[in-house]
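# here is a sequence with its predicted model. Questions after.
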Amino acid sequence: MTPEINLTRDPAHLRHGSSIGQPLTRTDGVLKVTGKARYAADNHPPGMLYAVIATSCIARGRVKSLDVAAAKRHPGVVDVMTPAHKPELAEDPDAKGNPFAFRMELLQSDEVRYANQAIAVVIAETLEAATEGAALLSPRYQVEIARVGLDAGEPYAPPVVGIGNPAEVVHGEIDAGFAAASKLTDATYETPAQYHNAMEPHAIVAVWDGDKLFLDTPSQGMAIAQGRIGGLLGIPPGNIHINSPFLGGGFGSKGLVSGPQMLGIMAARLVGRPVNLVLRRSQMYGPVGHRASTRQRLRLGADDAGVLTVIDHHARITTSSFDDFYEPAADASHTLYASPAIRTAHEAVRVDTGTPLFMRAPGEATGSIALESAIDEMAFACGIDPLDFRLRNYAEVEPTTGKPFSSKALRQCYARGAERFGWARRPLAPRQMRDENGFLVGWGMGTATFPALMFQGNARAVIRADGSGVMESGAHDMGQGAWTALTQISADALGLDLGEITFRSGTSDLPDAGIAGGSAHTATVGAAIHNAGAAVIARLAELATPDERSPLFGAGNAGVVARQGRLHRRDDETRSESYAEILARAGLAEIDASGTGAADPAAQSHYAMHAHGAVFAEVKVDPELGQIRATRLVGAFAAGRIINPRLVQSQLFGGMIWGLSFALHEEAVMDHRSGRILNANLAEYHVPVNADVPPMDVITVDEHDPHVNALGIKGVGEIGITGSAGAVANAVWHATGIRVRRFPIRIEELVTGLS
Amino acid sequence: MMNFDYVRPANVADAIAAASEKGAVYLASGTNLLDLMKGGVSRPSRLVDVTRLPGLDRIERLDDGGLRIGALVRNADLAHDAAFARDYPAIAEALLSGASAQLRNAATVGGNLMQRTRCGYFYDAASACNRRWPGAGCDALEGENRLHAVLGWSEGCIATHPSDFCVPLVALDAVVEIEGRSGRRELPLEALHRLPGDTPDRETALEPGDLIVALRLPAEAQGFAAHARYVKVRERTSYAFAVVSAAAALRIEDGKIREARLALGGVAAKPWRAHAAEQLLAGTAPDAAVYREAARATLAEARPSGDNAFKIELAQRIVVRALTLAAAGTPARIPALPGSPFSSVAGA
């Protein structure tokens, strides 16, 4: 069911030398543009029914009644799943088995926790019948007053933020830092709730066969999903087979199996037939996570030389009323700028929304726009160019831990980005530049950073009798290009040309590849593939080198290298033998070996590991009307080894566009009384259209990192947002002299300020 | 599924008969109606599909020099009609500033006139809305209303009309041809849309069964072709409704404005014709001071309906800008970013 990627016949994939580093086009590109790539909801097993979720229109209270009879009377409706009529679960969906088992609404009660929560599921022969059945349920509610916004409740200190980070971190003497400052800035920034809005909505096609379960569903973490689903249903995770060859975007919202996906599985069990459940666009605003809103206060101190004496970053964040995810917004200040005193602290307010979750650069994105704005404000207060100010406060070691960086080519990013942009010509004061049409012009910058993470993943390598290779890993292509980049790594790992290997992926029946998140997938799975390849080559060598009939006989000490389907003696390259010859002599149809990729704890304890970048933005602002237009974006990034420059450029473009979106466009508008989102659609939840995206330039700075992992990969999935949002916001200030601290920047702030 | 009748009449008379029943609505390309039906906002019992009616998809030059545009002409086809764009450039610019290329390829002239407000509370079936449910109240009044009306609103409704197209149309005295149960009649476009008052649910002057069959542009309106612009401020460069927009058209002779036309979008429940400003401008020399005076006169009666006082100031600035650009002359080609304040940026 999942495609095999085989590159033999595509001239675009001819390689010269190593496959790693080649700007290959996407191996799945033709499948996608011809409509042949099969996404989850494209599957139609025989007998399939359609399930549609009925959602709550209140944000807090109870469902008093549902007109199930009316729904069932509707032609085509097969069944209605409600709290009173649903399959038994083995586990309470509100149980907190581990911090990442987020609570989900699986009709366990009549309680309503947020608008758009599932309150019933209608299963019917057609999508239309199920949709109308859901409308006919006409729920009646007992309504309680919704808690909406950052001031909706008593703030409290969360136990942890992000993935187990302490909510408060204090480095150095904060009071002394303030006392040593001759310049102080104190500013508060607000960021709104944002929703992932992946192009492909959450979808599932669930088929039960006894106690075996077959799922087509987009997943950024199939093995984690197997565990969670198995736990809830009381079946072994190995009984659950997930196919997820392609995701139409995930951005974190498909990292964990969501409530609606579970409801699709339960519906299939209830009716004993395959079930398709696809969320409507509006239903994605609630049960599948979002980026929490934040209010961040940054107090900075600097001395006469423009050197920071203190960074005090306090973040108030919203979370749901019933679970614990805390956007680690202030953590952005841990690593970026040197300061003898750094404090980051978080407080949370419970509101009646779905639980916020990971959304592309969680913490870094929200924190970065506030920190980069604050740094810009302090630079101006000190009368120093923002780039010069950042260089004066360059962190030579990770400020809060004192660890050296495993590698950090940020200075080169600053230099090359600034040169490409022409930053040196920037006037210090705002509102100094106009274009030939009289529009205000502003230049702003921001520093990008994201940790170089690794999770754990596995791969299996096979060499076949004909000398060709297979690499298997249940990895996840979210559109970022895993099919392609991992194929390239596989080719090098097996010492074969791209046309001689087959890369299998995208299903839970293959070795667990860990989660595709944290910008860590290429690093993690790449390391697993590298190790699996090395292991299978070692097995080949073990067959050949003790064998007198092999030209490699006796190479045991010197070693062999694998290249283009042959093993060569390291000490005498003319002595070589093909994989096929080795296997033929040994009488083997194939040999295989496994490999694991994981972070090296020793290296992690010695080094701080981060990718870095510098983003420069130009905006133009209409001096009377306040309309903003970004006109140039330049980003220079150092992210370790680049496996595929074309894909990396795409990832960084995408991230930078999201940063632009963060600064100027994106916001969920929530009614402050009902807690309902009023723009839960792509017409009015604004993300940039093509016409908003300026000419962009991405530079990747060479960075050799011997510590992060064997391949030196740091990851590029998320870093593009960071820095970019702040750069755009700072450019708006530089154009207008108006510092907007509430994002996205709204036209009224400029209309009022520009008078 | 939600059941409704679907009829596809062969001629206008049958269409009117089919649509005269309670609960019946006309369906053209459905770019707005189908969304409303899927969202449960609109639940018609009968759709009368007019897209196959003969003769309504033509653009005709009239004997008097005016233009008659069939109600089924697609927005994109109209905007790219060379003679139309030459004679009525501000209308073409407004058309191209609206929606997206895909929507403009589908949407019809008549449908554009009949599109419903984009007020989030109108679309949210769980909110109180006097348009959807007379007497229910208006949740927008104390709600998220930074983009709502500043002119002509009532306590019953503060929604705005979303059309770009209608703004220069109303400025240029477009006339709507209507076929109804009592025959053919015509109506100035300005009289088609109603202000909410006590009956916000009555959005237009149309009676049950009334079908817009054509839109007529008078020949006199071509006299403004040399000085006509549409300016639209919005929250992204394309596929966004106007925060505020303005159409300005001037007839300039011997250095004087002989006649001015001005209308605003995004400020009221209807495209807002600025008659007082037009009179004030007539006979003056094109000049920023008089534009500002015209802007003040246009917004003299404006008051915020919520968190939207900025729109009163913004609308005045857009009036000044639209008049300034119109006086400077219609560009030889419709700008690449139609309606955008940045449309004059080289290379944009």
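Yep, it's here.
# burial count for whichever residue of the stretch 351-500 of chain A sits closest to chain B?
Here the stretch 351-500 of chain A gets closest to chain B at one residue, A:Asn437, 5.4 Å apart by CB to the nearest CB. Every residue, glycine included, has its C-beta placed from N, CA and C. Residues contacting A:Asn437 under the criterion other CB atoms under 10 Å in any protein chain shown number 14.
# okay, it and B:Leu337: tell me how far apart.
The span separating A:Asn437 from B:Leu337 equals 13 Å under the rule CB to CB, to the nearest Å.
# follow-up on the earlier one: look at the residue of the stretch 351-500 of chain A closest to chain B and give its secondary structure.
coil (DSSP: H, G, I helix; E, B strand; the rest coil).
# cool, and A:Arg62?
When classified by three-state DSSP, A:Arg62 comes out as strand.
# over to A:Asn276?
Three-state assignment for A:Asn276 (three-state DSSP): strand.
# contacting residues around it?
A:41, A:43-44, A:48-51, A:203-205, A:264 (CB atoms under 8 Å, 6 or more residues apart in numbering or on different chains).
# same thing but at 7 Å, please
Contacts here follow CB atoms under 7 Å, 6 or more residues apart in numbering or on different chains; on that basis A:Asn276 touches A:41, A:48, A:50-51, A:205.
# which of those residues fall in strands?
Residues from the contacts of A:Asn276 lying in strands, with DSSP state E as the criterion: A:50-51, A:205.
# among the residues you listed, which one sits closest to B:Pro208?
Taking CB to CB as the measure, B:Pro208 lies nearest A:Tyr50 of these, at 36.0 Å.
# circling back to that earlier point, B:Pro218: which of the contacts of A:Asn276 is nearest?
Nearest to B:Pro218 out of the contacts of A:Asn276 is A:Ala41 (CB to CB; 51.6 Å).
# how close does that closest one sit to chain B?
Distance, A:Ala41 to chain B, by CB to the nearest CB, to the nearest Å: 17 Å.
# hmm, that residue is touching A:Ala203, no?
Yes. If you go by CB atoms under 7 Å, A:Ala41 and A:Ala203 touch, sitting 4.1 Å apart.
# adding distance to A:Val615 and pLDDT, write the ones in strands among the contacts of A:Asn276 out as CSV.
Below are the ones in strands among the contacts of A:Asn276 laid out as CSV (distance: CB to CB, whole Å; pLDDT from 0 to 100):
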residue, distance to A:Val615, pLDDT
A:Tyr50, 44, 98
A:Ala51, 43, 98
A:Val205, 40, 98
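# what's the spacing between the closest residue to B:Gly180 other than its chain neighbours and B:Tyr26?
Distance criterion CB to CB, 6 or more residues apart in numbering or on different chains; nearest residue to B:Gly180, sequence neighbours excluded, is B:Asp210 at 4.3 Å. Noted for B:Asp210: a distance of 9 Å to B:Tyr26, by CB to CB.
# hmm, back to that, by neighbours, which of the ones in strands among the contacts of A:Asn276 wins?
Going by other CB under 10 Å, A:Ala51 tops those with 29 neighbours.
# contacts only, for it.
By CB under 7 Å, 6+ apart, the residues touching A:Ala51 are A:121-123, A:130, A:264, A:267, A:275-277.
# one more time with 8 Å
Contacts for A:Ala51 (CB under 8 Å, 6+ apart) come out as A:81, A:121-124, A:130, A:263-264, A:267, A:275-277.
# neighbours around A:Leu31, how many?
Using other CB under 10 Å, A:Leu31 is surrounded by 17 other residues.
# ok so it is a strand residue?
No. Looking at A:Leu31 with three-state DSSP, it is helix, so not inside a strand.
# now it: how far from A:Asp324?
A:Leu31 is 40 Å from A:Asp324, by CB to CB.
# do the same with A:Val271
In terms of CB to CB, A:Val271 sits 34 Å off from A:Asp324.
# hmm, the residue nearest to B:Gly180 is touching B:Val176, no?
No. Using CB atoms under 8 Å, B:Asp210 makes no contact with B:Val176, being 9.8 Å away.
# before we move on, back to that, overlap in contacts of A:Ala41 and A:Ala203?
In terms of CB under 8 Å, 6+ apart, A:Ala41 and A:Ala203 are both contacted by the residues A:276, A:278.
# neighbour-wise, which of the two wins?
Using other CB under 10 Å, the more surrounded residue of A:Ala41 and A:Ala203 is A:Ala203, with 22 against 19.
# and that one, what are its bridge partners?
Applying DSSP bridges to A:Ala203 gives these bridge partners: A:Val278.
# helices along chain B, start to end?
Taking DSSP state H to define them, one finds helices in chain B at B:12-19, B:33-38, B:75-79, B:82-87, B:89-97, B:101-106, B:109-113, B:120-123, B:166-171, B:275-281, B:288-298, B:310-328.
# most tightly surrounded among the ones you listed?
Comparing the helices of chain B by mean neighbour count (mean count of other CB atoms under 10 Å in any protein chain shown), helix B:166-171 comes out on top with a mean of 31.
# please say which of B:Asp210 and B:Val176 ends up with more neighbours.
Ranked by neighbour count (other CB under 10 Å), B:Asp210 and B:Val176 place B:Val176 first, with 25 against 21.
# helix or strand with the lowest mean pLDDT in the chain?
All of this is about chain A. The least trusted helix or strand in chain A, going by mean pLDDT, DSSP states H and E, turns out to be strand A:4-6, with a mean of 54.
# nope, chain B please
Least confident element among the helices and strands of chain B, by mean pLDDT, DSSP H and E: helix B:33-38 (a mean of 94).
# quick one: residues in contact with that one.
So helix B:33-38 is in contact with B:2, B:25, B:27, B:42-44, B:47, B:111, B:116, B:123, going by CB under 8 Å, 6+ apart.
# just those now: which is nearest chain A?
Nearest to chain A among those: B:Met2, at 4.8 Å, using CB to the nearest CB.
# mind checking pLDDT for that closest one?
pLDDT, B:Met2: 71.
# can you give me the end-to-end span of stretch A:347-360?
End-to-end distance for stretch A:347-360, by CA to CA, to the nearest Å: 22 Å.
# can you give the contact residues for stretch A:119-136?
Contacts for stretch A:119-136 (CB under 8 Å, 6+ apart): A:49-56, A:63, A:66-68, A:70-82, A:107, A:110, A:112, A:137, A:139, A:263, A:266-267, A:270-271, A:275, A:277, B:1-2, B:40.
# buried sites along it?
Judged by neighbour count using 16 or more other CB atoms under 10 Å in any protein chain shown, the buried positions of stretch A:119-136 are A:119-124, A:127, A:129-136.
# so how far is that stretch off the chain centroid?
Here stretch A:119-136 is found 33 Å from its chain centre; the criterion is CA atoms, centre = their mean, to the nearest Å.
# returning to that earlier point: and the contacts of helix B:33-38 as TSV, adding distance to chain A?
Listed next are the contacts of helix B:33-38 as TSV, based on distance: CB to the nearest CB, whole Å:
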residue	distance to chain A
B:Met2	5
B:Val25	18
B:Leu27	17
B:Ser42	13
B:Arg43	9
B:Pro44	14
B:Leu47	15
B:Gly111	16
B:Arg116	13
B:Tyr123	8
